[in-house]
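In: Give me a model of this one.
(chains A and B)
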There are 2 protein chains.
Amino acid sequence: MSDYRAPIEDMAFIIDEVLAVESVLGSLPRFEELGVGVDLTTALLDEAGKLAGDVLAPLRRAGDLQPATCADGKVTTSPGYNEALQQLGAGGWIGISADANYGGQGLPEIYNTAGTEMWNTANMALGLAPMLSSGAALAIAAHASDAQKQTYLEKMHTGEWMGTMNLTESGAGSDLGVMKTRAVPEGDHYRIYGQKIYITWGDHDATDNIIHLVLAKLPDAPEGSRGISLFIVPKFLVNADGSPGERNDVYPVSTEHKLGIHGSPTCVMAFGDTEGAIGYLLGEENQGLACMFTMMNEARLKVGIQGLSQSEGALQKATAYARERVQGGVPIIEHPDVKRMLLSMKALCEGMRAFAYSEAVTMDLAHSGPEDERRLAQSRLDLMIPVIKGWLTEVGMEVTSQGVQVHGGMGFVEETGAAQYLRDVRIAPIYEGTNGIQAADLVNRKLGRDGGATMESVQSAISETVAALKAADHTELAVVAQNLEQALAGHVESTQRMLAALGANKAAALGGSFDYMMQTGYLFGGWQLARGALVAAQRLAEGSDNTFYRTKMATARFYAEQILPRCESHALVAAQSEGALLDYPVDWI
Amino acid sequence: MSDYRAPIEDMAFIIDEVLAVESVLGSLPRFEELGVGVDLTTALLDEAGKLAGDVLAPLRRAGDLQPATCADGKVTTSPGYNEALQQLGAGGWIGISADANYGGQGLPEIYNTAGTEMWNTANMALGLAPMLSSGAALAIAAHASDAQKQTYLEKMHTGEWMGTMNLTESGAGSDLGVMKTRAVPEGDHYRIYGQKIYITWGDHDATDNIIHLVLAKLPDAPEGSRGISLFIVPKFLVNADGSPGERNDVYPVSTEHKLGIHGSPTCVMAFGDTEGAIGYLLGEENQGLACMFTMMNEARLKVGIQGLSQSEGALQKATAYARERVQGGVPIIEHPDVKRMLLSMKALCEGMRAFAYSEAVTMDLAHSGPEDERRLAQSRLDLMIPVIKGWLTEVGMEVTSQGVQVHGGMGFVEETGAAQYLRDVRIAPIYEGTNGIQAADLVNRKLGRDGGATMESVQSAISETVAALKAADHTELAVVAQNLEQALAGHVESTQRMLAALGANKAAALGGSFDYMMQTGYLFGGWQLARGALVAAQRLAEGSDNTFYRTKMATARFYAEQILPRCESHALVAAQSEGALLDYPVDWI
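Out: Below you'll find the model as predicted:
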């Protein structure tokens, strides 16, 4: 049995107390009848926590040992996975933040985000199925005709059917413009021909039908990325009554033998090997990439959450072990260096969570906030997303590796389950746009497009937090204030330097972008923990004697002292990106 | 087929030009007849490179897919491993630096170190067999009676037999004092009873006999670590004529299912399950841990080399991929962030190599140098070893992970072989003393025992390198000088702080020890690269037009600009170890 326990106390603290979703989201027209607030948060987190802990987590190791397999043109999933997915769907969790008119729950993204964290901590391989499916549903919701929506959406939101995303080809990964999959018009539909790779949950036997979204090129389409269209290709064509009908010409060819997420079938998919797969245009011709981009923020937020989730799993397992394992007469949790590792893991987990959840609320505001605030919220979200995806997944590698280290030799033995977090999370810095691409997006597009104005507004907000920390006149908060202020000053400088480099020497800006992204992530994580510490201090001042609030203050201080200083090195490295990095001839590498 | 090519040019540059072994070691009595110098270096590196590339490397993936297995009390090794081990032994490589009077080659440790790098890059799982075996032989050479030496040493040095180290028990890992294995006197020998875990190459069918070294407690031995003795327990008792005789009562019970190094059988070993395993005391009673400690420096140097070796393998694979893989119309090696990753991997590899090789020569001087210099060399070596073991293996995790990242999605697919470097190297920060223990050893013992005097002498040497860099009056070297000087100043400060903490607040010193160790490692790596850059500049000034020298200068500059700044953050973190890290109650974690 698994011992994953969802960190409900911290989640609820962030959602209800720090981000105050009741006042921020509760009265918005989209949510006003749902009763957004403490009771709803509690009920949702409790229910999700049970499902994650009792149903999904016990399958984590089984899926690792018995990967999904592909034979005779179909995929068989790991033991128990299909039933667990059906429970997820039946519980309304897949469509939790989807349109209530099409079978969704219509709840804010922040709850979807908390759920996503739980499914993925419990079982990342399984958690990918609803993640990809809801992404596909989102694309249909955003771009499909009414008839298409009627046909697919409700079944996808309720988990009766699932969806996939078919983008990558063997020669077309980060650069999709060179893809070869073709779509040939034929009456009201198209015939799709081509092969896609790395298709997550590309085939399975968990649902009656699978709705593939496929990028392909029309005849005479413009060259490159402007000539790509998006198609709906159901595994079974849908009958007039909505039931699955004839088998479509799309089949899994094989599944990859991967480092991790073994329970997630990563398929090579063949479209149109015999008569051509029947597909329906989704959105406009040649607008396929733009259609995909509209749901990229959601997808990248969730991949970031995967970095957090594996870290949380690693933390829980390592902490339990360190309390039990005695060496030198005491539990190893009391050895200074083991304590340092665990606190570092914990502070990073809570910093990642506070940061990512904060921007899930920004996403809600961008989608459903007051009309006149949406644009600003969207700008902030666009700026934050590459940092969330990049920073959380990099930190995920570090924390899961530390989880192994705390276990000593036991960590290297697969039975322990610590190493699986490290193996599973290793894909997160790669897919949904590599972290190098996130860094380039942050600097080149998100900073560049408004000359740093949005970043400046975030920096101002951090500055306000620093002021509040100082005003609180409290020893622990003063330490946080000092370290945060220093990190902020360094970040303001780095940002100016990046903006200048963007104008003067773009290769230098790109060369420094990764370290700038990391610097930004560490700062934002520390900022959100500091906001939490302020709330906790307030509660304690009001007379609460909840130890949880004391831990939040101590953790924020630990982060400020032991994690925030990393900003300094990243700044120094980014600042020197114009030197040897540019001058070094690639032939010499 | 593997495509590992030993980095002979860099190895030879360090050995012959930077470390100048011909003048430093060549005329020492122990080595004077061996012709230590350029020709010997070239011959050895060429031969070893062929063996590593042609024989060991092609078995790397096979061993990963077909791990060693244990059944019916014996281990069957991965396909081809036994033959490769026999070649290693027959070539004289296992006993390369062992006593020539007992079948060794008597060569300096620096050549053993280069060989160790090659075997481990080519195949870390296989490389562990000679590593452990030569460690056991070293213990016998240092502590055995003449008769014992006659019985075991030559066969072990020539690879006819192999040796193992049996230390850990399920309740006794970092704290060996609580072990339960017993040794009962019986005439001229002892009967050993107990179970050991994590025994690397604990059993196999590669050689006729296996010489187990086993830690156990005598009846009425003192409590704790002062009551442990060391025993020789041969798998087959040795007949009077030196041939293997009766089977001894020591058997492998099982092998672990591990994250990596699948080709290395990690055994649970049962001693004395029936009549008691016959063992012979090695060294003095109750001096077992001290005997083990005498060869710890060699073992930890080699584990550090494993960190380097997996990094080198990852670098070679990633570089080859990045030259081939085209995205956006150009090979991805030209994308600024991919170039950054590769250069960072390369600079770290060369920094690790330059640092570790330099201290292999220190080891030679400590063992075989002029009598009056040995003590100083030994002090320096003792100081360096925890940094080499800790820093190289931590960096190994980073570089192998970057190797995966460069491959994009391909990196996550096991077939590529990139992920195996990451999986294999993950044990290196754990075994042979966890990196937390290395950090504590560095600060608590190595700094503490002479009040920082040895560290100060190293800092003076770095200061001389800075002066030489400045004196060279060369733009590239000036950049290196500036960054190195800054990193050195920070390190002098950190060292003072650590020494002060050792006196005032030991928990704070231990809490900051890991970051201090990392700061030290980054500094020393940069220092040794700077020394190499000075040599390269000299050669170019003398008229050489070898591009290799230019790359050494450019890499040193890259390291100075893009890696050395990490010292800053580690210093800041170590400096704040007295805050939340100490105050945080462990119950709150």
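In: can we go C-alpha only for contacts and neighbour counts from here?
Out: Noted.
In: residues contacting the residue nearest to A:Glu394 when sequence neighbours are not counted?
Out: Using CA to CA, 6 or more residues apart in numbering or on different chains and skipping the chain neighbours, the partner closest in space to A:Glu394 is A:Pro429 (6.3 Å). Applying CA atoms under 8 Å, 6 or more residues apart in numbering or on different chains, one finds that A:Pro429 lies in contact with A:Lys389, A:Gly390, A:Thr393, A:Glu394, A:Asn435, B:Gln405.
In: all helices of the stretch 351-500 of chain A, in order?
Out: Applying DSSP state H, counting those that start in this stretch to the stretch 351-500 of chain A gives helices spanning A:371-406, A:409-412, A:418-425, A:435-440, A:453-471, A:475-504.
In: What of the stretch 151-300 of chain A?
Out: A:288-293, A:296-324.
In: where does chain A dip in pLDDT?
Out: Under the criterion pLDDT under 70, the flagged ranges of chain A are A:1-2.
In: and the residue nearest to A:Ala453 when sequence neighbours are not counted, what does it touch?
Out: Setting aside the residues directly before and after it, A:Ala453 is nearest to A:Leu447 in space (CA to CA, 6+ apart), at 7.8 Å. For A:Leu447, the contacting residues are A:Leu383, A:Ala453, A:Thr454, A:Met455, A:Leu499, by CA under 8 Å, 6+ apart.
In: Show me what from the stretch 201-350 of chain A comes close to chain B.
Out: Within reach of chain B by CA under 8 Å from any CA of the partner chain, the stretch 201-350 of chain A has these residues: A:256-260, A:319, A:326-328, A:333-334, A:336-340, A:342-343, A:346.
In: Taking the stretch 351-500 of chain A, what residue is nearest to chain B?
Out: A:Val413 (4.4 Å; CA to the nearest CA).
In: Next one: that residue from A:Gln287, what distance?
Out: Separation of A:Val413 from A:Gln287 (CA to CA, to the nearest Å): 48 Å.
In: what does A:Ala322 give?
Out: As for A:Ala322, its distance to A:Gln287 is 53 Å (criterion: CA to CA).
In: ok, the two, which is more surrounded?
Out: Each of A:Ala322 and A:Gln287 has its neighbours counted (other CA atoms under 10 Å in any protein chain shown); A:Ala322 has more, 21 against 18.
In: Can you add mean neighbour count and give the helices of the stretch 351-500 of chain A back as JSON lines?
Out: As requested, the helices of the stretch 351-500 of chain A are exported to JSON lines (neighbours: other CA atoms under 10 Å in any protein chain shown):
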{"stretch": "helix A:371-406", "mean neighbour count": "24"}
{"stretch": "helix A:409-412", "mean neighbour count": "23"}
{"stretch": "helix A:418-425", "mean neighbour count": "27"}
{"stretch": "helix A:435-440", "mean neighbour count": "25"}
{"stretch": "helix A:453-471", "mean neighbour count": "17"}
{"stretch": "helix A:475-504", "mean neighbour count": "19"}
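In: Export the ones you listed as CSV, with columns for distance to A:Gly26.
Out: CSV is the format used below for these (distance: least, CA to CA, whole Å):
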stretch, distance to A:Gly26
helix A:371-406, 15
helix A:409-412, 44
helix A:418-425, 34
helix A:435-440, 32
helix A:453-471, 23
helix A:475-504, 30
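In: closest to B:Pro185 out of those helices?
Out: Closest of these to B:Pro185 is helix A:409-412, at 31.7 Å (criterion: CA to CA).
In: where exactly do the strands run in the stretch 51-200 of chain A?
Out: For the stretch 51-200 of chain A, the strands defined by DSSP state E, counting those that start in this stretch occupy A:69-71, A:74-76, A:162-166, A:182-186, A:189-200.
In: Could you give the number of residues near the closest residue to chain B within the stretch 51-200 of chain A?
Out: The stretch 51-200 of chain A approaches chain B most closely through A:Asp175 (5.5 Å), counting by CA to the nearest CA. The number of residues packed near A:Asp175 is 16, by other CA under 10 Å.
In: One more: A:Ala366?
Out: Neighbour count for A:Ala366, taken as other CA under 10 Å: 22.
In: same question, A:Leu540
Out: 15.
In: so it makes contact with A:Phe548?
Out: No. Contact criterion CA atoms under 8 Å: A:Leu540 and A:Phe548 do not qualify, at 10.1 Å.
In: Single out the most deeply packed of the strands of the stretch 51-200 of chain A.
Out: Across these, averaging neighbours per residue (mean count of other CA atoms under 10 Å in any protein chain shown) puts strand A:162-166 on top, at a mean of 28.
In: by how many degrees do that strand and strand A:189-200 diverge?
Out: Interaxial angle, strand A:162-166 versus strand A:189-200 (axes from the mean of the first three to the mean of the last three CA atoms, to 10 degrees): 90 degrees.
In: okay, now the domains of chain A?
Out: As recorded under automatic domain parsing, the domains making up chain A are A:8-68+A:79-157, A:162-286, A:295-433, A:451-589.
In: Pick the most buried one from those.
Out: The stretch of the domains of chain A with the highest mean neighbour count (mean count of other CA under 10 Å) is domain A:295-433, at a mean of 23.
In: Straight-line length of that domain, end to end?
Out: The first and final residues of domain A:295-433 sit 13 Å from each other (CA to CA).
In: chain center to it, what's the gap?
Out: Distance of domain A:295-433 from its chain centroid, counting by CA atoms, centre = their mean, to the nearest Å, is 10 Å.
In: any idea where the helices of the stretch 1-150 of chain A begin and end?
Out: Assigned by DSSP H, counting those that start in this stretch, the stretch 1-150 of chain A shows helices spanning A:8-12, A:21-25, A:38-50, A:60-65, A:81-90, A:109-122, A:124-143, A:146-157.
In: other SSEs contacting the longest one?
Out: The helices and strands touching helix A:124-143, judged by 3 or more CA pairs under 8 Å, 6 or more residues apart in numbering or on different chains; DSSP states H and E, are helix A:60-65, helix A:81-90, helix A:109-122, helix A:146-157, strand A:162-166, strand A:189-200, helix A:288-293, helix A:296-324.
In: Need the ones you listed in JSON lines (columns: distance to B:Arg247).
Out: Below are these laid out as JSON lines (distance: least, CA to CA, whole Å):
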{"stretch": "helix A:60-65", "distance to B:Arg247": "37"}
{"stretch": "helix A:81-90", "distance to B:Arg247": "49"}
{"stretch": "helix A:109-122", "distance to B:Arg247": "48"}
{"stretch": "helix A:146-157", "distance to B:Arg247": "66"}
{"stretch": "strand A:162-166", "distance to B:Arg247": "60"}
{"stretch": "strand A:189-200", "distance to B:Arg247": "53"}
{"stretch": "helix A:288-293", "distance to B:Arg247": "68"}
{"stretch": "helix A:296-324", "distance to B:Arg247": "39"}
